[in-house]
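**Student:** with the input below, show me the fold.
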Amino acid sequence: MTDTIPDHGSTSEAEAEPQDEVDPESVWLDPQVGAELYGDRLSAIYSRLGISGVGAVGIGNTIRIVNNLGPPSARPIIADLVGIADLLKVYVSTATDEELQRELGRLSAVCLAGRPYTGRFSTALVTLARQHGPDRVRQIDLPNDVEPDELRRVGDSIKDDHGYVLRLPGNKHGRMIRMLAGLSRRRGASLVLIRDDDSRPGARPGAEVPHRPPDPVAVFHAHLRHHLRDRLGSTDEGCDRAVDGYLQHDGLTTDLHSCYGPQEAVSIAEAVGAVHPADDDAMAQVLARSQPRRRIHAAEVLGTDGGSTGENGTGRRPRRIDQHERAFRIAYAVFARQPLHYVFEAAGLLLEEIDGQAKRTDWGRMALQYPVAELLGPLKVDWHESRDATNSPGGSSRSAWLRDGAMRGAIIDEAWHEFDSTRPALLEWLNKLVAAGDEPMQRAAAEAAGLLAHHDFDRVCTDLVDKWAAAPKPRLRQAAAWAMVAADMGGQVGHLVRRQIRDWAGGGRNYQRDAAARVYASGLQQPDLSWSLADLRRIAQDPMQQHTYSVTQGIRQLYTARTAHRIVAELVTWSEDRQLQPHAAHALLELAEQVDDDSPGGVPDLLVRAATQEVDSDALVRLWRLALLSPARSRWAWHTFGRWLINADTDETVRKAVASLVADLAAGPSLRRRMKFSLDRSPHFNGGLPEWLDAAVRR
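**Tutor:** Predicted coordinates:
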C-alpha cells in the first residue's frame, strides 16, 4: 500500500514520499545501542537494571507498580516504590541527609537540588524511608504537558504518614512547595521535590537543600561488601578484608575518584564482585572496561601522534594527517559494527565539512596514502578482531569493531568536549549523513545525535532533530525518532525528550505528529502507559495517519503480557470514533499475530491472554467484529482469525476462549454468513468442521 501525502499542517504544497508499511523490527532501536552510547549510565527503562536487588544508587533501583485504572489520559500518577529496604543496606550517607531530614521536620515539603547522576533520588528515598518506613514511600510522576497545579487533584491520593518524591523540571519548585506544603502537613506526610541545580552559590531560595554526592570509595565498599556477603556467604569481617584488599590495587582508588557519579562506582563494584576472587590481571581487565578508563582511552584514541616525524623522516607530519586520523576514528566509533566502507565515506564527509567551516580550499578525498591500521592508531587492535566475517552485517569481511562496545559513546563524547570548535562541523556532518545516506548510515548518525543531545539538547534539536521530524521524507522522520529514543536511553534528558514528543504530537504539523508516532514505534516508553496511549490517540486523529502505519507500530511496541488488558481497553474506545476505527482494527490484527515467546506451539500472545481471561472477552469481540467487517482489512482479518481457529483446534488450552469468541461473533447474521463462507473454503477444515467449532457457529 502506498500513498502520497501532503503536509496539511504546513503552508507548503510539497509532497511526501510514498508510505510503505513499517517493518517493526527495522525501526525498533535495540537497547544494545544504549549500552554502547552510555555504558553504565544506560537508563533502567532499557537496561532493566534493579528489577531485583540493589543494582544502583540514584537510578534504576526501584520498580514502579502503577495503579491508574480507567481511560488512559495524560494525568499525574502516583507509583508505589519497592526495593527501598535493599537500598538502605548499601546507602552511603552524606552531609545532605541530616539537613534534609531537619528541613522536612520543619516544613513537610522541601526541594532537593543537585546535579543529575549524583544520587539525589536515593537520598530522597532513604530520608523519606527513615521518617515514614520503607514501605511508605511513593513517587509522583507528572506529564510534561500538564501544569504542576494539576497536583492539587491528587490530594485525595496523599496518604497519612507517607513520603512522596517528585522530579519536577523547570523553575516552579518554589510555588509547588508553597502549594503542597499545607496538604502534606495536614496528612502528616512528607514531600521531596528534586530539581537540577542551576543556581549560583548563595542564591538558593528557602526550603531548598543542596545535594552533596557520596564518597565514591565508600559507595564501592558498601556495594561490593553487600555483593560478596550475599553471593559467597562471607562474614562481615571477611567481606571487609576482601574489599580493603581490592582497594590496594594500583589505580582503583584513582578510578573511583574519577567517576562521574555513584552509579559508575556501583558498576565497578559489581564487575569486581562478579569475578571474585580476582587476581591482578583480572582486576586490570575489569578496570579497563570501567567508565573512567574508557574516557582515558578515548582521549588516547583522538590524541593522534602529532609530534612524530613527517614523511621522508623530516619535520612534523602534515597537519592534514592529524585531522584525517581523528575524523577516521570518530567515524569508526559512530559506525561501530557497520561495514568499514561506511567509515571511509563518513570520514571523507567529515573532513569536507571541517574544511568548509574553516573556509579552506577543498583538498579532495585522500586515497592510497595511509593504511587503515595507521589511521586507527590505538584502535587497530580492535579492527584486527573484526576480520572474522561474522562480526559484520551482510557478510562483509571487515567491520568497524570495538572490543569494548561502550567505547563508542566515550569516543563521541571526547570528540564533542575536547574539540569543541568542531561542534558545528560535527552537527552538520550528522545532518548530511542522515540526508544523503542509506538506512545504516542514517541510523548510526541519528544514534550519535541522540548522545550529543545529552550535552546540548536545545542545540541538537534545533539544528538537527526538529528539522528531520518536520521533513516530508519518511526516512528523515524515522531518523528523528531514532535520535529521540537514543537520547532517552541515557536517562538524563528523558523529561526533555518527552516534552519534545508531546510538542510534536500536539503541534500543527502532521509530519511532526508522524515523527512522534515513530518514536513510540522505535521503542520509547513513558513512565506510565496511559501517557503513551494518550499521545498515540492524539496522533491517530490526524488525517495523514489514515495512510501510515506509525501509530499501529507504536501500539505494537507498547504491547506486553502485562499491558495487554489496558491496550485492548484503549482500542475499544478507539473503535467508537470513526477517525480512529482503522487504527483500532489494524492494531488488533498486528497484536493478534504476535506469538507468545513461551508458547512452543506458536500461539499468539493475545490469544493466550484471552484464554487466561487477562483481557476482556467483550472487548475482543467488538474489535474482531470491527476488523472482520473492515473493507480495507477484511481479507487480512479473516486470514488472521483463521489462524486463531487453527490454534484452538490443535491446542485445548485456548479452545474454550476461541469457541466463546466465535459464538459471540456468529450471533450477528452478517458475520455468521461470512464466517461460514470463510470456513467452507479453509483447507484446514475441508474435511468438515470439528465438533467444538460447529457448535460455536450454530449456538
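
**Student:** lowest-scoring secondary structure element of this protein by mean pLDDT?
**Tutor:** strand 63-66 (a mean of 33; mean pLDDT, DSSP states H and E).

**Student:** what element comes up after that strand heading to the C-terminus?
**Tutor:** As assigned by DSSP states H and E, the chain's next helix or strand after strand 63-66 is strand 77-82.

**Student:** quick check: mean pLDDT of that next one?
**Tutor:** Per-residue pLDDT over strand 77-82 has a mean of 83.

**Student:** my read: residue 519 touches residue 483, true?
**Tutor:** No - using Cβ atoms under 8 Å, residue 519 is not in contact with residue 483, being 9.2 Å away. (Glycine included, C-beta is placed from N, CA and C.)

**Student:** what's the closest non-adjacent residue to the most centrally placed residue in the chain?
**Tutor:** Nearest to the mean C-alpha position of the chain, by Cα atoms, centre = their mean, lies residue 489 at 3.9 Å. With Cβ to Cβ, 6 or more residues apart in numbering as the measure, residue 34 is the residue that lies nearest to residue 489, at 3.2 Å, once sequence neighbours are left out.

**Student:** burial measure for the one you found, as a count.
**Tutor:** 29 (other Cβ atoms under 10 Å).

**Student:** quick one, what contacts it?
**Tutor:** Applying Cβ atoms under 8 Å, 6 or more residues apart in numbering to residue 34 gives the contacts 42-43, 46-47, 486, 489-490.

**Student:** helix/strand/coil for it?
**Tutor:** Put simply, residue 34 is helix when judged by DSSP: H, G, I helix; E, B strand; the rest coil.

**Student:** how far off centre is stretch 418-432?
**Tutor:** In this view, stretch 418-432 has its centroid 25 Å away from the chain centroid, taken as Cα atoms, centre = their mean, to the nearest Å.

**Student:** run through the stretch 151-300 of the chain and note the low-pLDDT ranges.
**Tutor:** 151-156, 170-175, 178, 183, 198-206, 277-278 (pLDDT under 70).

**Student:** please enumerate the strands of it.
**Tutor:** Secondary structure of the stretch 151-300 of the chain (DSSP state E, counting those that start in this stretch): strands at 163-167, 190-196, 208-210.

**Student:** switch these over to CSV; also include mean neighbour count and distance to residue 591.
**Tutor:** Shown next, in CSV, are the strands of the stretch 151-300 of the chain (neighbours: other Cβ atoms under 10 Å; distance: least, Cβ to Cβ, whole Å):
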stretch, mean neighbour count, distance to residue 591
strand 163-167, 24, 32
strand 190-196, 24, 37
strand 208-210, 19, 47
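
**Student:** who wins for proximity to residue 641 among the ones you listed?
**Tutor:** strand 163-167 (45.0 Å; Cβ to Cβ).

**Student:** what is that closest one packed up against?
**Tutor:** When contacts are defined as 3 or more Cβ pairs under 8 Å, 6 or more residues apart in numbering; DSSP states H and E, strand 163-167 sits against helix 120-132, strand 137-141, strand 190-196.

**Student:** rerun that using 10 Å as the cut-off
**Tutor:** strand 77-82, strand 109-114, helix 120-132, strand 137-141, helix 173-187, strand 190-196 (3 or more Cβ pairs under 10 Å, 6 or more residues apart in numbering; DSSP states H and E).
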